[in-house]
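Trainee: this one's sequence-less:
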DNA sequence: AGTTTATATGAATAGTAATTCATATGAATA
DNA sequence: TATTCATATGAATTACTATTCATATAAACT
């Protein structure tokens, strides 16, 4: 199995293939937020948000700036925006009726 | 949890977050191939390739044309190419040293 | 019709990742 | 420095997904 593009993309996609992380990213597209702010907005536990932000941070899909106790997370729009856009385009053009592509049902 | 972009993207990324499927897509970027051709090229079992092509097909990331017994699979470059490109750009710009982003090591 | 070739499917197992809960760290403030 | 607030970490459980192996379908050819 080739080690180049596939290897790069695998961890990248694995990172993004998680509803909590995607929801977090989606919120952060609106504005930078702290962990608790995200937790409240998404209705999830603080520890869960924290756990899930880590891989996003490791892969530089988000950045963090510590303001005292609060850690403010910012999405890397330069990377995330075009990818989300590409998927929206795909969904519109190739999966207009949704179906398996959106629901995963088989 | 929001149901719009997150839902669309979740199944999309889940689909792509698999080394076998990524390797298959990468091969298909070169040229359309049959299942056995892919299996041989990737050194994997036919049934494994077949299993993994299904979700890609369901999500229209590939298309198939049946030529008699052979089923020739073609990648949807319009969708896949820009996404791979975006990830390459990200890796170059934000993860120049690879590290956690590429290896997944923690 | 029987045989070969190509692909798909089902079901069980194995392998990975997500979530939870308890606790630790660390910064600010009284 | 004791306390509170904000976040991170560890470890166990749960849940999910991939892979394998056996078998089914389906087309072409004898």
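Mentor: Nice, I can see it. Since the structure is predicted, the reported quantities are computational estimates derived from the model, not experimental observations.

Trainee: List phi and psi for whichever residue of chain A sits closest to DNA strand C.
Mentor: At 2.9 Å from DNA strand C, residue A:68 is the closest residue in chain A, using CB to the nearest atom of the strand. C-betas here are computed from N, CA, C, even on glycine. Main-chain torsions, residue A:68, degrees, to the nearest 10: phi 60, psi -130.

Trainee: Kindly report the residues of chain A close to DNA strand C.
Mentor: For chain A, the contact set with DNA strand C under CB under 7 Å from any atom of the strand comprises A:14, A:17-20, A:44-45, A:47-48, A:51-52, A:66, A:68-69.

Trainee: which of the residues you listed are close to DNA strand D?
Mentor: Okay, of the residues of chain A next to DNA strand C touching DNA strand D (CB under 7 Å from any atom of the strand), that's A:47, A:51, A:69.

Trainee: got a winner among those for most neighbours?
Mentor: Counting neighbours by other CB atoms under 10 Å in any protein chain shown, residue A:51 leads those with 12 neighbours.

Trainee: for chain A, which spans come out with low pLDDT?
Mentor: For chain A, residues meeting the criterion pLDDT under 70 lie at A:1-4, A:99, A:102-106.

Trainee: Mind jotting down where the strands sit in it?
Mentor: All strands of chain A, identified by DSSP state E, fall at A:33-34, A:62-67, A:70-75.

Trainee: Deepest in the core, which of the ones you listed is it.
Mentor: The highest average neighbour count among the strands of chain A, using mean count of other CB atoms under 10 Å in any protein chain shown, belongs to strand A:33-34 at a mean of 19.

Trainee: check whether it contacts DNA strand D.
Mentor: Yes: judged by CB under 7 Å from any atom of the strand, strand A:33-34 and DNA strand D are in contact via residue A:34.

Trainee: strand partners of that strand, parallel vs antiparallel please.
Mentor: Partners of strand A:33-34 in the sheet, by DSSP bridges, are strand A:70-75 (antiparallel).

Trainee: Count the neighbours of the closest residue to residue A:90 other than its chain neighbours for me.
Mentor: Nearest non-adjacent residue to residue A:90, counting by CB to CB, 6 or more residues apart in numbering or on different chains: residue B:79, 4.3 Å away. If you count neighbours by other CB under 10 Å, residue B:79 ends up with 21.

Trainee: Please apply the same query to residue A:43.
Mentor: Other residues near residue A:43 come to 8 when the count uses other CB under 10 Å.

Trainee: what ranges do the helices span in chain A?
Mentor: Per DSSP state H, chain A carries helices over the ranges A:5-16, A:19-30, A:35-42, A:46-58, A:77-94, A:100-103.

Trainee: Show me which residues of the fourth one are buried.
Mentor: So the one you mean is helix A:46-58. A:49, A:52, A:53, A:55, A:56, A:57, A:58 (16 or more other CB atoms under 10 Å in any protein chain shown).

Trainee: tell me the contacts of the spatially closest residue to residue A:57 that is not a sequence neighbour?
Mentor: Excluding its sequence neighbours, the residue lying closest to residue A:57 (CB to CB, 6+ apart) is residue A:64, at 6.1 Å. Contacts for residue A:64 (CB atoms under 8 Å, 6 or more residues apart in numbering or on different chains) come out as A:53, A:57, A:71, A:72, A:73, A:74.
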